[in-house]
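Colleague: Sequence and computational prediction follow.
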Amino acid sequence: MIQISVINESTMSDPDVKKMIPAFSTQWNRDLAPVWELSAAHFEFVPKASQPPAGSWWVVFLDDSDQANALAYHDVTDEGLPISKVFVKTIQGDGASVSVGATHEICEMAVDPTINLAAQDLEGTFWAYEVADPVEDDQYGYEIGSVLVTDFVTPAWFGFQNSSGPLDFKQHAEQAFTVLSGGYAQKFGPNGWEQVNGAETLKADAMSRARNPPAGSRRDRRLRQSKSAGKPPQKTADFEARTSKRAALAAKR
């Protein structure tokens, strides 16, 4: 069983973080794991005076983003252990749901813990294994108890041969590789990594982001890697924790 430590280094209260944990566990074990054939996971809150168990994955709540335009993201540490970072004040300032942001990264960390997977479509284009991005808008989420969690796509969304059934858990998408309004996806083709935006994304903003991905974003890292390697790159660890002594230890794990 995968052990996941939930760590609160933000100004959100510990009780508010703790009340989300049962929903994290239910979504992973009841909803996500059967669809993606994942191992079970156990989530445990780690008090500020304690250290997370060795070898555990981390979900860390912080106040302010340390990456341009990122509300949350998942990465790997130098030891290859998955970590999700959720920026509470940044998310709230954007008018979005903290619990959706957290479960977004948890779902993606679960399906692609090493952050280097992609699926190839019939045209030869590679699509990054980011299972919440295409349906990331809060409107597509669903409640577990009183906690709003993210929707996520299924293997069928990636056009897997002989796959069947819904393309996303809440059955919003109608075709493989469909990006819903407010969502996006990342693909690698002849022009390198490109971002595909949902139908209602402002065209000017979409064009700007396509030409100039935010510095430090996953696509920015992919673009820099693809220029040096000339092939679909793996995402590598680029983790610097600046907010606390305990978060700083993550870079050494």
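Modeller: In hand now; what should we look at? Numbering: from 1, shown residues only.
Colleague: quick one: P22 and V149 touch, right?
Modeller: No: judged on Cβ atoms under 8 Å, P22 makes no contact with V149 at a distance of 10.9 Å. Every C-beta, even on glycine, is put in place using the N, C-alpha and C of the backbone.
Colleague: Neighbour count: these two, which is higher?
Modeller: Set side by side, P22 and V149 show more neighbours around V149, with 28 against 13, by other Cβ atoms under 10 Å.
Colleague: if I pick that one, what's in contact with it?
Modeller: A23, F24, Q27, S99, V100, T103, G141, Y142, E143 (Cβ atoms under 8 Å, 6 or more residues apart in numbering).
Colleague: Turn the residues you listed into TSV, columns for neighbour count, secondary structure and distance to N191.
Modeller: Written out in TSV, the entries for those read as follows (neighbours: other Cβ atoms under 10 Å; DSSP: H, G, I helix; E, B strand; the rest coil; distance: Cβ to Cβ, whole Å):
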residue	neighbour count	secondary structure	distance to N191
A23	20	helix	39
F24	22	helix	37
Q27	23	helix	35
S99	25	helix	36
V100	24	helix	31
T103	31	helix	32
G141	23	coil	32
Y142	14	strand	36
E143	10	strand	40
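Colleague: Nearest to V46 among those?
Modeller: Using Cβ to Cβ, F24 is the member of the contacts of V149 that lies nearest V46, at 13.7 Å.
Colleague: Show me what the helix or strand I106 falls within is packed against.
Modeller: Counting by DSSP states H and E, the element that carries I106 is helix 98-111. Helices and strands touching helix 98-111, as assessed by 3 or more Cβ pairs under 8 Å, 6 or more residues apart in numbering; DSSP states H and E, comprise helix 21-26, helix 33-36, strand 57-62, strand 72-76, strand 82-87, helix 88-93, strand 147-149.
Colleague: Strand partners (parallel or antiparallel) of the helix or strand just after the last one?
Modeller: Pointing back at strand 147-149 there. Once the chain leaves strand 147-149, the next helix or strand it forms, by DSSP H and E, is strand 184-189. For strand 184-189, the pairing partners within the sheet under DSSP bridges are strand 126-128 (antiparallel), strand 192-197 (antiparallel).
Colleague: Tell me which of the helices and strands packed on helix 98-111 sits nearest to Q186.
Modeller: Smallest distance to Q186 across the helices and strands packed on helix 98-111 (Cβ to Cβ): 12.8 Å, for strand 72-76.
Colleague: coming back round to it: single out the most deeply packed of the strands paired with strand 184-189.
Modeller: Of all the strands paired with strand 184-189, strand 126-128 carries the top mean neighbour count, a mean of 21, counting by mean count of other Cβ atoms under 10 Å.
Colleague: Okay then, goodbye and thanks.
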